[in-house]
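In: Sharing a model that was predicted from the sequence below.
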Amino acid sequence: MIDVRTLHTSELDDRELAAVRALLDEAFEGDFSDEDWDHSVGGMHALAWDGGRLVGHGCVVQRRLLHGGRALRTGYVEAVAVRAERRRQGVASAVMEALEHVLRRGGYELGALGAAEGAVPLYVGRGWQVWRGPSSVLTPTGIERTAEEDGHIYVLPLGAELEAGGELTCDWRPGDVW
């Protein structure tokens, strides 16, 4: 039986943080960098436990996305991962349910995430929509297109008025900006 707990990073002890990082390193097959880790702390985590073992994780961090001349308070989903032997058993859905609860109750105007191809059916099945407009990032030197991200960004409207096909610009951060 899966037990999903939602906690802020500040509520996680060293053992729990180490378990999360180990899960992410394993699930992303060594392709989870220190910058990726940095992007996934400082927000709300959904931890899926089974018999005292961490089997799934995801988190929501606050970001600002620019759209239609506005800076939208966005809950950005990061570091969604499930142990390989527990995939396709509802763990990711349970994690996303907890994160979507945070999004809907957290005062956000928009939910957003960058989706790996294999995760698209999960997100679409939960009502997330592919962003059909161009994407960009607000860098220290100005706005730069992120065309390679087009078609991989998904949004969950939470009250923000979104212009279909309009540009969506994320705030700057080191590493993967989306």
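Out: Received it, and whenever you're ready, just let me know what you need.
In: What separation do you get for Thr74 and Gly30?
Out: Taking C-beta to C-beta, to the nearest Å as the measure, Thr74 falls 29 Å from Gly30. No exception for glycine: its C-beta is placed from N, CA and C like everyone else's.
In: These two: who's more crowded?
Out: Each of Thr74 and Gly30 has its neighbours counted (other C-beta atoms under 10 Å); Thr74 has more, 28 against 7.
In: Does that one touch Leu66 like I think?
Out: No - counting by C-beta atoms under 8 Å, Thr74 stays clear of Leu66, with 9.9 Å between them.
In: can you map out the helices along this protein?
Out: Applying DSSP state H to the chain gives helices spanning 14-27, 34-39, 91-105, 120-125.
In: what sits up against the second one?
Out: Which is helix 34-39. Applying C-beta atoms under 8 Å, 6 or more residues apart in numbering, the external contacts of helix 34-39 come out as 21, 24, 28, 61, 78-79, 173-176.
In: Kindly recompute the last result at 6 Å.
Out: For helix 34-39, contacts defined as C-beta atoms under 6 Å, 6 or more residues apart in numbering pick out 78, 174-175.
In: export those residues to JSON lines and tack on pLDDT and distance to Val41?
Out: Shown next, in JSON lines, are the contacts of helix 34-39 (pLDDT from 0 to 100; distance: C-beta to C-beta, whole Å):
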{"residue": "Glu78", "pLDDT": "98", "distance to Val41": "9"}
{"residue": "Pro174", "pLDDT": "95", "distance to Val41": "14"}
{"residue": "Gly175", "pLDDT": "94", "distance to Val41": "13"}
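In: what's the closest of these to His152?
Out: His152 lies nearest to Glu78 out of the contacts of helix 34-39, by C-beta to C-beta, at 14.1 Å.
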